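K.L.:
Below are the sequence and a predicted model for it; my questions follow.
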Amino acid sequence: MRWIPIQGLAIPFRGDDGMDALVFTIFALAALVGGFVSGFSGFAMGLVVSGVWLHIITPMQTATLIAGYGLLTQGYGIYKLRHALDLRRAWPLALGTVVGIPIGVSILAFLNPTYLRVGVGVLLMIYSIYGLARPVFAPIKIGTGADVAIGISNGMLGGLTGLGGVISTISCQWRGWPKDMQRAVFQPVLFVAFVVISLSQAMAGTITKDTLTLYALGGPFMVAGLWSGFILFGEIDDETFRKSVLALLLFAGLSLIVSTLPFSFR
């Protein structure tokens, strides 16, 4: 670990000498792209930025920044989609997610994370490829009790793999809702998940001054990407949104599998 002075601040980055400006540029560009993906799809920001940030800042800083920026991106999304917001649809998924996160974290002590990541990754890839290759799914009506169970599964997967919004996002697709309604449901669920994660990090003492400084420096780039992503979201139709979400789920599955390979960053 070394310290890079940026605008009078000492920012912790890892890298070779002479890469100061380049490293920060990479960090900022990752934030920009992550914000754009979140603005466009409503999720997957963490998938995008972690693949870059894990190589230039510590894993703990990466996890803390993803949770912090998750509050920003999901909060902004909820505000933008407030016309479609219906908490009656979102609260069972959110409640189940809160219950499921600590269960998933505790299960990690008894499971081989490599096998788990590969298994979930394969399932996500199969689901995504099938969804992309066939017409739109017939809408499914899901009750409150089932939504709570789906939320618990969503939280458990988040605690086990870090993908805290995947199952809730998929369940919103199953219902055949318009894109605005889908995001107005799964984005509050993601926001609640990030609240739980951020509170846990605060209690664990992982939110440091250095990480907050990084957050402030990357914030403008994240916001710029988020804003531009929402502009594109407003221009697409429901079918394009469906395929975009499936493509991102495919990427999520692939990233889980790649993360288990010997050459992956640890």
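P.N.:
That came through, no problem. Numbers count the residues shown, from 1 in each chain.
K.L.:
Which parts of the stretch 1-150 of the chain are strands?
P.N.:
Applying DSSP state E, counting those that start in this stretch to the stretch 1-150 of the chain gives strands spanning 2-6, 9-13.
K.L.:
pLDDT on the last one, on average?
P.N.:
If I follow you right, that is strand 9-13. Averaged across strand 9-13, pLDDT comes to 48.
K.L.:
before we move on, what about stretch 154-162?
P.N.:
86.
K.L.:
Show me how far that stretch is from its chain's centre.
P.N.:
Offset of stretch 154-162 from its chain centre (CA atoms, centre = their mean, to the nearest Å): 11 Å.
K.L.:
next one: stretch 103-119
P.N.:
Distance, centroid of stretch 103-119 to centroid of chain: 19 Å (CA atoms, centre = their mean).
K.L.:
before we move on, what about stretch 147-160?
P.N.:
Worked out by CA atoms, centre = their mean, stretch 147-160 lies 14 Å from the chain centre.
K.L.:
Please apply the same query to stretch 104-124.
P.N.:
Using CA atoms, centre = their mean, the offset of stretch 104-124 from its chain centre is 17 Å.
K.L.:
again with stretch 70-78
P.N.:
11 Å.
K.L.:
repeat for stretch 169-184
P.N.:
Stretch 169-184 has its C-alpha centroid displaced from the chain centroid by 17 Å (CA atoms, centre = their mean).
K.L.:
Please identify the buried residues of the strand or helix carrying residue 201?
P.N.:
Residue 201 belongs to helix 179-204 when elements are defined using DSSP states H and E. Going by neighbour count (16 or more other CB atoms under 10 Å), the buried part of helix 179-204 is 179-198, 201. From N, CA and C alone the C-beta is placed, and that goes for glycine too.
K.L.:
Show me what it is packed against.
P.N.:
helix 59-80, helix 87-107, helix 144-161, helix 166-174, helix 238-258 (3 or more CB pairs under 8 Å, 6 or more residues apart in numbering; DSSP states H and E).
K.L.:
Quick check: which of the ones you listed is buried the most?
P.N.:
helix 166-174 (a mean of 23; mean count of other CB atoms under 10 Å).
K.L.:
Output the contacting helices and strands for it.
P.N.:
Applying 3+ CB pairs under 8 Å, 6+ apart, one finds that helix 166-174 makes contact with helix 87-107, helix 113-133, helix 144-161, helix 179-204, helix 238-258.
K.L.:
can you put those helices in a markdown table and add distance to residue 42?
P.N.:
Shown next, in a markdown table, are these (distance: least, CB to CB, whole Å):
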| stretch | distance to residue 42 |
| --- | --- |
| helix 87-107 | 13 |
| helix 113-133 | 16 |
| helix 144-161 | 14 |
| helix 179-204 | 4 |
| helix 238-258 | 8 |
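K.L.:
what's the distance between residue 78 and residue 175?
P.N.:
Using CB to CB, to the nearest Å, residue 78 is found at 19 Å from residue 175.
K.L.:
ah, wrong one, I meant residue 148
P.N.:
Note on residue 148: its distance to residue 175, by CB to CB, is 16 Å.
K.L.:
cool, residue 75 as well?
P.N.:
With CB to CB as the criterion, residue 75 and residue 175 are 24 Å apart.
K.L.:
Residue 211 too?
P.N.:
In this view, residue 211 and residue 175 are 37 Å apart by CB to CB.
K.L.:
Between those two, which has more neighbouring residues?
P.N.:
Taking neighbours as other CB atoms under 10 Å, residue 211 and residue 175 compare with residue 211 leading, 21 against 15.
K.L.:
check contacts around the more buried one.
P.N.:
61, 64-65, 68 (CB atoms under 8 Å, 6 or more residues apart in numbering).
K.L.:
before we move on, which element is it in?
P.N.:
Following DSSP H and E, one finds residue 211 within helix 209-233.
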